[in-house]
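1. generate coordinates for the sequence data below:
(one chain, ligands or ions: 1)
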Amino acid sequence: MEDIGKITLTSAIKGLRAGDFSAVELAVALSEAVAREDTRLGAYLHFDAEAVQNAAERADKERRAGSDAPLLGVPLAVKDIINVKGEPCGCASKQLVGYTALFDATVTARLRSSGAIFAGRTNMDEFAMGSSTENSALKITRNPHDHERVPGGSSGGSAAAVAGGIAIAALGTDTGGSIRQPASFCGCVGVKPSYGRVSRYGVTAYASSLDQVGPLTRTVGDAALLLRELAGLDRRDGTTLDVAVPDYTRALNGEIKGLRIGLPREYYIKGADPEVTERVRAAVDRCAAEGAEIVELSLPHTEYAIAVYYILATAEASANLARFDGVRYGHRTANPETVFDLYARSRAEGFGTEVKRRIILGTYVLSSGYYDAYYGRAQKARTLIRDDFTQAFEKCDVLLTPAAPTAAYRIGETAHDPLRMYLGDVFTVPASLAGICGIALPCGSTAEGLPVGVQVLGPAFGEEALFRAAGAMERIFEV
Ligand code: GLN
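-> Below is the predicted model:
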């Protein structure tokens, strides 16, 4: 078998099909790598090697019985916010310590019926609120390229596991960048599908009008393969659309020649780390040299995106997290004196600082007297941001931008400066507000050896354009 630290989803599937190795052999190699590496990396909150090997044994048996399910025997790591029946699902929060999922999320059910094995729960910012995984109530996750640095977030555990060679592929969620930014920080590939492309059923809600599940993988091809398994209409999530799911892998071998790549002026700004901008510019030059047509354009409402996102996301979060009250869900305080005391202390003890900050902010922007000034205006500005993208995609097929304004920063560096942390989301939140799709892939590294990622954005339900562009870029960039 290939080195488990390098094996791709595509080659794992091929190897299992061809009988080069069994699912059990794969599971054992993976479990050993996790046992060896994860004490330092801290990507997993939970990894049950025995359960993974038992599932692998069943997969091998099914294959011998003639099954040819597309992901049969392939182990996948899952962010701790997506329900997998029988496994812990704690959203890296004290609220849900000891909780075991009672049902499968739709994405999980789909993967299960495709034969996948669930291997490990990955660390994240509590309830997916954050950009560094430092807001996890449970542990620190380190960047595999430099253990003193963050892996990004909120899907930091998934990105670190994939890039660190201890997951073949993983699931994350992206509300405002939580797949794309950690992929960029860790040097792997991450896709945020268009809003409505993938079901949110069984995924603990952060900001429901923005949340999407997507893959974190070692290659663009792996992401294309996995997204196809995840995507599609789900009657349990009324926001999924009845749009056919194409075989995204077919788009991968398309040429970059003739592709119109838009460069939004507002994403090439002074405030970003010059080294990052330089690497991304070099990537643009390589695309141009291969015959892509570069179109400079403007997304004029970009400057409002952070403010709009942090109003809408916190507003939705304050509503979604109201259910963690110690009665219906979540941690319950000991010996409450009154009902109010029960609610107040359960919530005070259960939520971490950042989650509390957002609940308070979200409650404020929704409160009477302020609703029109904040929430109402943010909704209007969201429409303008979406219109910017609609107009841009009349002039180009995809947009190319940095995924984040910096490479991975040091653990602790930004943790106590929430505003600075929020500003780091400047390149990812506009696409989330617009509901369009995006992919992050590595394009090079800094002088210190930290990965730098580009972000390719495509129109809503334009994932094929995204994969065509990213597939070609992966070949051109040769990272
Ligand atoms: N960093 C952003 C936030 O903190 C995005 C998080 C996410 O996409 N879940 O809200």
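
2. can you name the residues of the stretch 301-450 of the chain that neighbour the ligand?
-> Counting by C-beta under 6 Å from any ligand atom, the residues of the stretch 301-450 of the chain close to the ligand are Ala313, Asp425. (Glycine included, C-beta is placed from N, CA and C.)

3. the strands in the stretch 301-450 of the chain, which residues?
-> 398-402, 437-445 (DSSP state E, counting those that start in this stretch).

4. ok now the first one, how far from the chain's centre?
-> So the one you mean is strand 398-402. When distances are taken as C-alpha atoms, centre = their mean, to the nearest Å, strand 398-402 is centred 18 Å away from the chain's centroid.

5. repeat that for the longest one.
-> Once both centres are worked out by C-alpha atoms, centre = their mean, strand 437-445 turns out to sit 13 Å from its chain's centre.

6. circling back to that earlier point, closest one to Pro264 among the strands of the stretch 301-450 of the chain?
-> Pro264 sits nearest to strand 398-402 of all the strands of the stretch 301-450 of the chain, at 5.9 Å, using C-beta to C-beta.

7. counting contacts, what elements does that closest one pack onto?
-> If you count contacts as 3 or more C-beta pairs under 8 Å, 6 or more residues apart in numbering; DSSP states H and E, strand 398-402 packs onto strand 260-264, helix 274-289, strand 451-458, helix 463-477.

8. out of those, which one sits most buried?
-> Mean neighbour counts were compared across those using mean count of other C-beta atoms under 10 Å; the top stretch is strand 451-458, at a mean of 28.

9. with adjacent residues omitted, what lies nearest to whichever residue of the chain sits closest to the ligand?
-> Nearest residue of the chain to the ligand, counting by C-beta to the nearest ligand atom: Ser178, 2.9 Å away. Nearest residue to Ser178, sequence neighbours excluded (C-beta to C-beta, 6 or more residues apart in numbering): Ser154, at 4.2 Å.

10. so how far is Ile117 from Val280?
-> Going from Val280 to Ile117 by C-beta to C-beta, to the nearest Å gives 37 Å.

11. same check on Met124?
-> For Met124, the distance to Ile117 (C-beta to C-beta) stands at 21 Å.

12. just the CA coordinates for the one helix or strand in the chain whose mean pLDDT sits lowest, please, in PDB.
-> One helix or strand of the chain scores below all others by mean pLDDT, DSSP states H and E: helix 418-423, with a mean of 93. What follows is helix 418-423, C-alpha atoms only, in PDB (Å, rounded to 0.1, in the frame of the first residue of the first chain):
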ATOM      1  CA  PRO A 418     -12.000  39.100  18.000                       C
ATOM      2  CA  LEU A 419     -12.200  42.000  15.500                       C
ATOM      3  CA  ARG A 420      -8.800  41.100  14.000                       C
ATOM      4  CA  MET A 421     -10.000  37.500  13.700                       C
ATOM      5  CA  TYR A 422     -13.200  38.600  12.000                       C
ATOM      6  CA  LEU A 423     -11.200  40.700   9.500                       C
END
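
13. can you give me the buried ones in it?
-> Using 16 or more other C-beta atoms under 10 Å as the burial criterion, the residues of helix 418-423 that qualify are Pro418, Met421, Tyr422.

14. nearest to Phe340, of the helices and strands packed on strand 398-402?
-> Of all the helices and strands packed on strand 398-402, it is strand 451-458 that lies closest to Phe340, at 45.7 Å by C-beta to C-beta.

15. so what strands line up beside the closest one?
-> strand 398-402 (antiparallel), strand 437-445 (antiparallel) (DSSP bridges).

16. turn these into JSON lines, including mean pLDDT and mean neighbour count.
-> Output for those, formatted as JSON lines (pLDDT from 0 to 100; neighbours: other C-beta atoms under 10 Å):
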{"stretch": "strand 398-402", "mean pLDDT": "98", "mean neighbour count": "26"}
{"stretch": "strand 437-445", "mean pLDDT": "98", "mean neighbour count": "27"}
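
17. any chance of these in a markdown table with distance to Ile256 as columns?
-> Shown next, in a markdown table, are the strands paired with strand 451-458 (distance: least, C-beta to C-beta, whole Å):
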| stretch | distance to Ile256 |
| --- | --- |
| strand 398-402 | 10 |
| strand 437-445 | 13 |
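
18. what's the closest of those strands to Ala183?
-> strand 437-445 (4.3 Å).

19. poorly predicted segments of the stretch 201-350 of the chain, please.
-> Counting by pLDDT under 70, the stretch 201-350 of the chain shows no low-confidence range.

20. again, only this time at 90
-> Filtered on pLDDT under 90, the stretch 201-350 of the chain yields the residue ranges 269-271.

21. hey, where'd the helices end up in it?
-> 220-230, 274-289, 305-320, 339-350 (DSSP state H, counting those that start in this stretch).

22. please identify the most buried of those.
-> Mean neighbours per residue, mean count of other C-beta under 10 Å, is largest over these for helix 220-230, with a mean of 25.
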